[in-house]
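1. quick one, fold the following:
(one chain, ligands or ions: 1)
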Amino acid sequence: MKTKFSTIIKSLALLTILTAIAFSGETVQEAEFKVSGNCGMCKTRIEKSMKIKEVKMAKWDKSSKMLKVAFLSEKISLDSLQKRIASVGHDTEKYKAETSVYENLPGCCLYRDGVSDH
Ligand SMILES: [Cu+2]
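-> The predicted structure follows:
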């Protein structure tokens, strides 16, 4: 009887650990969306804004303007990632950068029509 009881306790403990792992928010989701920008400085700025613990990988391609991200979907939403990028001056598919922030970008980074001839 005593042995049986300790076996049950052990199994319960194992189950608890496994459940904790499953719900620890380590589910990594990958996504790709468009982020406006021009140059290497834009790339640095965009990728730097994604240097947070919830983002495992962020890579922006200058020619396709596509940003690839791998993030912990249980800890942060794709929406808030896009908001973050917009807050440093880069338009995304969902959020536009504030004009005041955009206008403070270096000249080579101004990607909007009529503001730069890039
Ligand atoms: Cu730039």
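2. when you work out contacts or count neighbours from here on, use the C-alpha atoms and nothing else.
-> Fine.
3. number of nearby residues for the closest residue in space to W60 that isn't next to it in sequence?
-> Using Cα to Cα, 6 or more residues apart in numbering and skipping the chain neighbours, the partner closest in space to W60 is L67 (4.2 Å). Neighbour count for L67, taken as other Cα atoms under 10 Å: 20.
4. can you list the strands that whichever helix or strand L67 is part of pairs with?
-> In this structure, L67 sits in strand 66-72 according to DSSP states H and E. Strand partners for strand 66-72, identified by DSSP bridges, are recorded as strand 28-34 (antiparallel), strand 55-60 (antiparallel).
5. give me the buried positions along the longest one.
-> If you call a residue buried by 16 or more other Cα atoms under 10 Å, then strand 28-34 has these buried ones: V28, E30, K34.
6. and the gap between the nearest residue to the first one once chain neighbours are set aside and the ion?
-> Meaning V28. Computed as Cα to Cα, 6+ apart, the closest residue to V28 that is not its neighbour in sequence is L72, at 4.7 Å. When Cα to the ion, to the nearest Å is applied, the distance between L72 and the ion equals 28 Å.
7. out of the strands paired with strand 66-72, nearest to T99?
-> Taking Cα to Cα as the measure, the strands paired with strand 66-72 were each checked against T99, and strand 28-34 came out nearest at 18.7 Å.
8. got the contact list for the closest one?
-> By Cα atoms under 8 Å, 6 or more residues apart in numbering, the surrounding residues in contact with strand 28-34 are K56, K65, M66, L67, K68, V69, A70, F71, L72, S73, T92, E93.
9. restricted to buried residues, select those in ChimeraX.
-> Applying 16+ other Cα under 10 Å to those leaves a buried subset, and the ChimeraX line that selects it is:
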select :65,66,67,68,69,70,71,72,73,92
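10. any chance of the contacts of strand 28-34 in CSV, with pLDDT too?
-> Formatted as CSV, these follow (pLDDT from 0 to 100):
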residue, pLDDT
K56, 97
K65, 98
M66, 98
L67, 98
K68, 98
V69, 98
A70, 97
F71, 97
L72, 95
S73, 94
T92, 98
E93, 95
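11. got the contacts of strand 28-34 as TSV, with distance to N104 columns?
-> As requested, the contacts of strand 28-34 are arranged in TSV below (distance: Cα to Cα, whole Å):
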residue	distance to N104
K56	28
K65	20
M66	23
L67	22
K68	25
V69	26
A70	29
F71	29
L72	31
S73	31
T92	18
E93	21
